[in-house]
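Peer 1: Fold the stuff below for me.
(one chain, ligands or ions: 1)
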Amino acid sequence: SETPVKVAVTGAAGQICYSLLFRIASGSLLGDRPVELRLLEITPALKALEGVVMELEDGAFPNLTNVVVGDDPLKVFEGANLAMLVGAMPRKAGMERGDLLGANGKIFTAQGKALNEVAADDIKVLVTGNPANTNALIAMNNAPDIPNERFTALTRLDHNRAKAQLAKKLGVGVGAVTHMTIWGNHSSTQYPDVFHALVNGSAPQVDEEWIENDFIPTVAKRGAAIINARGASSAASAANATVECMHDWVLGTPEGDWVSMSVPSDGSYGVPEGLISSFPVTTKDGAYEIVQGLELNDFSQAKLDATIAEMADEKQAVTELGLI
Ligand code: NAX
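Peer 2: Model (predicted):
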């Protein structure tokens, strides 16, 4: 029988994973292929994780062949083909950005090193835990034997949010929207770009006033709006985006469309090499390519410049902290 794909997931007792693990087990990630889950948590959360594992068992998923749990990345990441790094240190009241980057730096240096040592040769890493782009950068720089292009960060949730807002504005189904792009950092400086988006194959009829004062802030602040409404941060939609991003990376994007992924820049669109930035990408045979040749108008260029500045600033901060 087929060898199971080993999928490592961190933050496994957290709220995103409470959706994510069941989607992986049920086949949303890889279809009809056996998977082994390898779940990492911090020691105090292992008991809660036991409960999640009991529920996974109770799902009776035919393609879930095994579940390994632990608090040691060197054991849990052993032989991993795919890694979804969801667990991170949340920002607490009174925490400065430097404290946040430092706390997460410890997590992602250790996990980068562990992946470098024990993951399978074909490992693909997707970072969901915030600050996602910079955490991915830290892991990448601590895993010298893994090709840089195997480290990515999640901007698929922003991409999906942007598609949904545009569809709602135009009164069409979200399936009518293609060629959406998120540029830059997964943060409030991200730039959701409708200028290349298509709705039923044509340029969307929306004015710049709406784009600037409604669409962009709604997408960028959607996470805060969900916290206000739900009393907790987005979890099921983040899990969905994490599954979709990894699914497309492994199995390919649909013909004639692209998705947004944060990937190590090759200098495309003036994003400096050495940053992990969101771009429009297509994927095929397990590899992605940044879509080339899009024209950016002055408005878009200014937005891209601002988010580049923020990513460069975060990189500078973690460099000074000695994390990369
Ligand atoms: P939770 O706080 O519910 O869960 C996080 C889990 O990670 C906890 O169980 C914690 O024990 C675990 N953890 C902490 N340090 C760990 C380590 N070193 N190794 C393994 N596990 C560790 O958060 P949740 O709502 O699940 O969100 C997880 C992360 O996703 C957060 O950083 C959050 O900010 C981020 N998000 C990213 C999004 C994106 O689009 N990129 C959107 C949703 C979400 O806000």
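Peer 1: ok, Ala287 - how many residues close by?
Peer 2: Other residues near Ala287 come to 13 when the count uses other C-beta atoms under 10 Å. (Each C-beta comes from the backbone N, C-alpha and C, glycine too.)
Peer 1: Please verify my assumption that it contacts Glu149.
Peer 2: Yes. With contact taken as C-beta atoms under 8 Å, Ala287 and Glu149 are classed as touching, separated by 7.4 Å.
Peer 1: helix/strand/coil for Met95?
Peer 2: coil (DSSP: H, G, I helix; E, B strand; the rest coil).
Peer 1: From Asp58, how far off is Phe215?
Peer 2: Distance check for Phe215 against Asp58: by C-beta to C-beta, to the nearest Å, it reads 42 Å.
Peer 1: When these two are compared, which one has more neighbours?
Peer 2: Neighbours per residue (other C-beta under 10 Å) separate Phe215 from Asp58, with Phe215 holding more: 19 against 8.
Peer 1: Which residues are in contact with the more buried one?
Peer 2: The neighbourhood of Phe215, defined by C-beta atoms under 8 Å, 6 or more residues apart in numbering, consists of 162, 165-166, 169, 192, 194, 206.
Peer 1: Just put those residues in a markdown table and tack on pLDDT.
Peer 2: What follows is the contacts of Phe215, written out as a markdown table (pLDDT from 0 to 100):
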| residue | pLDDT |
| --- | --- |
| Ala162 | 98 |
| Gln165 | 98 |
| Leu166 | 98 |
| Lys169 | 98 |
| Pro192 | 98 |
| Val194 | 98 |
| Val206 | 97 |
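Peer 1: now, which of these lie within strands?
Peer 2: Restricting the contacts of Phe215 to those inside strands, with DSSP state E as the criterion, leaves Pro192.
Peer 1: Let's see which of the contacts of Phe215 end up in helices.
Peer 2: 162, 165-166, 169 (DSSP state H).
Peer 1: Could you list every helix and strand that the longest strand out of those in the chain packs against?
Peer 2: Criterion DSSP E: the longest strand present in the chain is strand 276-284. Using 3 or more C-beta pairs under 8 Å, 6 or more residues apart in numbering; DSSP states H and E as the contact definition, the elements that strand 276-284 packs against are helix 132-141, strand 151-153, strand 181-183, strand 259-264, strand 287-290, helix 298-320.
Peer 1: Nearest to the ligand, out of the ones you listed?
Peer 2: Ranking the helices and strands packed on strand 276-284 by proximity to the ligand (C-beta to the nearest ligand atom) places helix 132-141 first, at 4.3 Å.
Peer 1: and the closest one with strand 276-284, angle?
Peer 2: Taking axes from the mean of the first three to the mean of the last three C-alpha atoms, to 10 degrees, helix 132-141 and strand 276-284 form an angle of 80 degrees between their directions.
Peer 1: What is the burial count for Phe22?
Peer 2: Neighbours around Phe22, by other C-beta under 10 Å: 17.
Peer 1: do you know how far it is from Lys168?
Peer 2: According to C-beta to C-beta, Phe22 stands 28 Å off from Lys168.
Peer 1: again with Leu321
Peer 2: For Leu321, the distance to Lys168 - C-beta to C-beta - is 41 Å.
Peer 1: same deal with Ala317?
Peer 2: Ala317 sits at a distance of 37 Å from Lys168 (criterion: C-beta to C-beta).
Peer 1: Give the residue from those two that has the larger number of neighbours.
Peer 2: When neighbours are counted by other C-beta under 10 Å, Ala317 comes out ahead of the other of Ala317 and Lys168, with 17 against 12.
Peer 1: Could you pull up the residues touching the nearest residue to that one once chain neighbours are set aside?
Peer 2: Excluding its sequence neighbours, the residue lying closest to Ala317 (C-beta to C-beta, 6 or more residues apart in numbering) is Leu101, at 5.5 Å. With C-beta under 8 Å, 6+ apart as the criterion, the residues that contact Leu101 are 131, 134, 314, 317-318, 321, 323.
Peer 1: Tell me how far Leu101 lies from Glu41.
Peer 2: The gap separating Leu101 from Glu41 is 22 Å, by C-beta to C-beta.
Peer 1: what do you get for Val199?
Peer 2: The separation that Val199 has from Glu41, given C-beta to C-beta, amounts to 42 Å.
Peer 1: same deal with Gly293?
Peer 2: Counting by C-beta to C-beta, the gap between Gly293 and Glu41 amounts to 44 Å.
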